[in-house]
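Enquirer: Sequence plus the predicted model coming up.
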Amino acid sequence: MNISRRTRTALIRATDNWLSRVYLAAVTAATGYFLFDAFFVDHPDASMAAVVPWLLTAPLSLLYTLLPAGTLSGASTGLFTALHLAGIAFAALANAAFMGHVVHRLRQPFPGTAPSA
């Protein structure tokens, strides 16, 4: 029961303020552009569209760099794209929850200060 309450609180904090909402919208737009570019645009060379959502969700998305070399080398393109999207979604929600927590802490009055009249 307590884990459910913590998860619910984190998700609420990830979506109940403007900073987190704008951040999630930017990540969603960048991810949408990445998917459009990956599936509908032919390139003579590699596209860097997948890097933008990856960098927007840093530092958690940078954990992919800790994987050993060749871990995903045998994976199909669809599986690789799904893992990439799952990592972006998890990192974006975690970052938005952190931003929401900071916003809530900044809205609270500092302890030991008298309320203004």
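Expert: In hand now; what should we look at? Just so it is clear, the structure is predicted and the values come from calculations on it, not from any experiment. Numbers count the residues shown, from 1 in each chain.
Enquirer: At the geometric centre of the protein, which residue do we find?
Expert: Most central in the chain under Cα atoms, centre = their mean is Ala92, positioned 1.2 Å from the mean C-alpha point.
Enquirer: ok, now which ones touch the nearest residue to that residue once chain neighbours are set aside?
Expert: In space, and not counting its chain neighbours, Ala92 is closest to Val27: 4.4 Å by Cβ to Cβ, 6 or more residues apart in numbering. The C-beta positions use only the backbone N, C-alpha and C, and glycine is treated the same way. Taking Cβ atoms under 8 Å, 6 or more residues apart in numbering, we find Val27 in contact with Pro53, Leu56, Thr57, Ile88, Ala92.
Enquirer: what does Val41 give?
Expert: With Cβ under 8 Å, 6+ apart, Val41 has these contacts: Ser47.
Enquirer: That one and Ser61: what is the separation?
Expert: Computed as Cβ to Cβ, to the nearest Å, the Val41 to Ser61 distance reads 23 Å.
Enquirer: what do you get for Gln108?
Expert: Gln108 sits 30 Å away from Ser61, going by Cβ to Cβ.
Enquirer: Give me the more crowded residue out of the two.
Expert: Ranked by neighbour count (other Cβ atoms under 10 Å), Gln108 and Ser61 place Ser61 first, with 21 against 7.
Enquirer: and the longest helix anywhere in the chain, what's its mean pLDDT?
Expert: The longest helix of the chain (DSSP state H) is helix 77-107. For helix 77-107, mean pLDDT is 87.
Enquirer: Output the contacting helices and strands for the helix or strand harbouring Arg6.
Expert: Assigned by DSSP states H and E, Arg6 belongs to helix 2-15. In terms of contacts (3 or more Cβ pairs under 8 Å, 6 or more residues apart in numbering; DSSP states H and E), helix 2-15 is packed against helix 18-40, helix 77-107.
Enquirer: okay, and the helix or strand of the protein with the least pLDDT?
Expert: Between all helices and strands in the chain, the lowest mean by mean pLDDT, DSSP states H and E belongs to helix 2-15, at a mean of 79.
Enquirer: Please identify the buried residues of that helix?
Expert: Of all the residues in helix 2-15, those buried under the rule 16 or more other Cβ atoms under 10 Å are Ala10, Arg13, Ala14.
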